[in-house]
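K.L.:
no sequence on this one, just coordinates:
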């Protein structure tokens, strides 16, 4: 979907957290020509992406708000707060009795218009904390004028920092031909549904275009009509025919094809395509060139992916990969996606979860390329560690396992596992130093042996068993028979119930094993005598691990075992009243700050592990936030120490 332009007021003064809050509460709103915003929707702030809105009061014109298609340059989308009342009619200035209803402004589209609709509650929440936003959106004209004076007095924001936002706005003005188009496959109207389905399957598509019967004569006129009157047949249409008990082998396509087909010119803008799809609630648009020929089909998912930094296109490329080389190309695109999203100010949690999804697709495709279908059906491939939690961003050590259905064997399982892990290493996912991979027989076992092994980990005080248990607690499904992982999770709960009550107390100790970063800011001062000392802070040891493992321990204690991510665990802990919502939000924000700093290090240096950060290289604001987040970790460790009655420092 189109993005808000955070280089323009009132959004240019938002923090990253506030931007993310705005994104979560923003949706597309389409208005047809002469359509007005209904009264119940006058509770939002709107940004005009494309089109024109006229504002009026009691039928009298007040103002116009224009989209980028009416502007000479980019980043010039108008916005308006539909909740704002005429100043002369606000309660404080109202001369009439309070019982008299206040007549609000009316907003009408003078042409087809696309808006970004931002929930008023989200704006109010941010305004309560951000006085600059509050001033710019105030009902009071003096307040808005004061905000204008302050903006003119202050330095203008560096436009270079908003390059990606400007790029997103520019994408809306690009021609649709710039988007990845689906290939054209045409069948005749009297061809059978079976033939259409065969073509769809072979091409990997969910549709074919249909040439009408009266255009089959081959004349030039008929051929021209073909281009204009093509229909479309989708997999849904074929399913509808089957549900109607039609024989696909003899039922002609014409009976179920839709010939009321919307098209778009190759030179039309992406914004126009979005308008058409939104207005008519369709997902595919044939693209017509100057000669009237169909040059491709624009899919909604492809278009939205093009707008949203191409994540969907990466997914498609992964799915279409036929060998290791083509899969490697897709993996490299994931790295570019991460960099673009991070530079665009997207919240790190959203980036990491998307990366988890894309990585899972890579692992699935690689496994499919290696093993026969019967292995896929009788095993469950899982990932663990930060990958399993959805908190992995860089391509660090592999953590994976293979759960095998009881009674199933295949002579080449060990070879398949070795090939899988070695190919992942070739793709840039390093082998695990701790050998927590399916090449290790301990992590490639039948379900019964897997669960028996978990029971052993709960009964033994060996420190390595705590590490193994942490890994399996973070296990997340990738592909195969998911019920095998479900049974492992069920056994985890049972094994925990049968374990020594003191087990969780010992398990929690790992969160405290690394010392606090005491008075870390003193490291900024150069030592006398030219002595060398590192001012680096280990983000993983000092911040990420204590939070992740401490929350993992609390989740284990409270039987929150069906979810592996830290965010989901925090949500589960709040639901069972083991933690307040405010505390959970604070811990998650601190964790994501450390993750974001790690990513910044990885993108700006050659350090692929990206654990160390030098505070002297950070901005004053970043250093202040680092200090605050380290204080959150220290407080959390004290909470764990008291809760589990642990005396170690």
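P.N.:
Looks like it arrived, so ask away. These figures come from a predicted structure and were not determined experimentally.
K.L.:
Mind jotting down where the strands sit in the stretch 301-450 of the chain?
P.N.:
Along the stretch 301-450 of the chain, the stretches classed as strands by DSSP state E, counting those that start in this stretch are 379-383, 400-404, 444-446.
K.L.:
so which of those strands gets nearest residue 276?
P.N.:
Smallest distance to residue 276 across the strands of the stretch 301-450 of the chain (Cβ to Cβ): 40.1 Å, for strand 379-383. Placement of C-beta: from N, CA and C, glycine included.
K.L.:
Please tell me how far that closest one is from the chain's geometric centre.
P.N.:
Its chain's C-alpha centre lies 23 Å from the corresponding centre of strand 379-383 when counted by Cα atoms, centre = their mean, to the nearest Å.
K.L.:
which helices and strands does that strand pack with?
P.N.:
helix 348-370, strand 400-404, strand 476-480, helix 482-498 (3 or more Cβ pairs under 8 Å, 6 or more residues apart in numbering; DSSP states H and E).
K.L.:
Let's have these in JSON lines, adding mean neighbour count, mean pLDDT and distance to residue 388.
P.N.:
Formatted as JSON lines, those follow (neighbours: other Cβ atoms under 10 Å; pLDDT from 0 to 100; distance: least, Cβ to Cβ, whole Å):
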{"stretch": "helix 348-370", "mean neighbour count": "20", "mean pLDDT": "87", "distance to residue 388": "8"}
{"stretch": "strand 400-404", "mean neighbour count": "26", "mean pLDDT": "96", "distance to residue 388": "9"}
{"stretch": "strand 476-480", "mean neighbour count": "20", "mean pLDDT": "94", "distance to residue 388": "4"}
{"stretch": "helix 482-498", "mean neighbour count": "16", "mean pLDDT": "93", "distance to residue 388": "10"}
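K.L.:
got the ones you listed as TSV, with distance to residue 643 columns?
P.N.:
Below are these laid out as TSV (distance: least, Cβ to Cβ, whole Å):
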stretch	distance to residue 643
helix 348-370	26
strand 400-404	31
strand 476-480	27
helix 482-498	17
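K.L.:
Helix, strand, or coil at residue 298?
P.N.:
Three-state call for residue 298 (DSSP: H, G, I helix; E, B strand; the rest coil): strand.
K.L.:
residues touching it, list them.
P.N.:
Shown in contact with residue 298 (Cβ atoms under 8 Å, 6 or more residues apart in numbering): 176, 179, 181, 182, 264, 273, 284, 285, 286, 287.
K.L.:
give the contact list for the third one.
P.N.:
Residues counted as contacts of residue 181 (Cβ under 8 Å, 6+ apart) are 287, 295, 296, 297, 298, 302.
K.L.:
Confidence-wise, which of those residues comes last?
P.N.:
Across the contacts of residue 181, the bottom pLDDT score, 80, is held by residue 302.
K.L.:
what about it, distance to residue 18?
P.N.:
31 Å (Cβ to Cβ, to the nearest Å).
K.L.:
returning to what we had before: most widely separated two among the contacts of residue 181?
P.N.:
295 and 302 (14.3 Å).
K.L.:
between these two, which one's more packed in?
P.N.:
Taking other Cβ atoms under 10 Å, residue 295 and residue 302 do not tie; residue 302 has more neighbours (20 against 15).
K.L.:
So that one sits against residue 178, correct?
P.N.:
No: taking Cβ atoms under 8 Å as the definition, residue 302 is not a contact partner of residue 178, at 11.1 Å.
K.L.:
that older thread, can you redo the contacts of residue 298 as a markdown table with secondary structure and distance to residue 84?
P.N.:
Output for the contacts of residue 298, formatted as a markdown table (DSSP: H, G, I helix; E, B strand; the rest coil; distance: Cβ to Cβ, whole Å):
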| residue | secondary structure | distance to residue 84 |
| --- | --- | --- |
| 176 | helix | 36 |
| 179 | coil | 37 |
| 181 | coil | 43 |
| 182 | strand | 44 |
| 264 | strand | 36 |
| 273 | helix | 32 |
| 284 | strand | 40 |
| 285 | strand | 37 |
| 286 | strand | 43 |
| 287 | strand | 41 |
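K.L.:
Nearest to residue 593 among those?
P.N.:
For the contacts of residue 298, the nearest to residue 593 is residue 179 (35.4 Å; Cβ to Cβ).
K.L.:
Tell me, how many residues neighbour that closest one?
P.N.:
By other Cβ under 10 Å, neighbour count at residue 179 equals 21.
K.L.:
again with residue 643
P.N.:
Quick note: residue 643 (other Cβ under 10 Å) scores 16 neighbours.
K.L.:
re the thing from before, list just the one of the helices and strands packed on strand 379-383 that sits closest to residue 10.
P.N.:
helix 348-370 (22.4 Å).
K.L.:
and the residue lying closest to residue 379 once chain neighbours are set aside, what does it touch?
P.N.:
Among residues not flanking residue 379 along the chain, residue 480 sits closest, at 4.9 Å (Cβ to Cβ, 6 or more residues apart in numbering). With contact taken as Cβ under 8 Å, 6+ apart, residue 480 is in contact with 367, 376, 377, 378, 379, 380, 381.
K.L.:
Report the spatially closest residue to the last one, excluding sequence-adjacent ones.
P.N.:
Spatial nearest neighbour of residue 381, excluding adjacent residues (Cβ to Cβ, 6+ apart): residue 478 at 4.5 Å.
K.L.:
right, and that neighbour touches residue 362 too?
P.N.:
No: using Cβ under 8 Å, residue 478 is not in contact with residue 362, being 9.6 Å away.
K.L.:
so what's the closest residue to residue 400 other than its chain neighbours bridging to?
P.N.:
Nearest residue to residue 400, sequence neighbours excluded (Cβ to Cβ, 6+ apart): residue 383, at 5.1 Å. Beta-bridge pairing of residue 383 under DSSP bridges involves residue 400, residue 476.
K.L.:
Burial check on residue 383, number of neighbours?
P.N.:
Neighbour number of residue 383 under other Cβ under 10 Å is 25.
K.L.:
With residue 395 as the reference, measure out to it.
P.N.:
In terms of Cβ to Cβ, residue 383 sits 12 Å off from residue 395.
K.L.:
With residue 562 instead?
P.N.:
Taken as Cβ to Cβ, the span from residue 562 to residue 395 is 27 Å.
K.L.:
out of those two, which sits in the busier spot?
P.N.:
For residue 562 versus residue 395, neighbours defined as other Cβ under 10 Å are more numerous around residue 395 (20 against 14).
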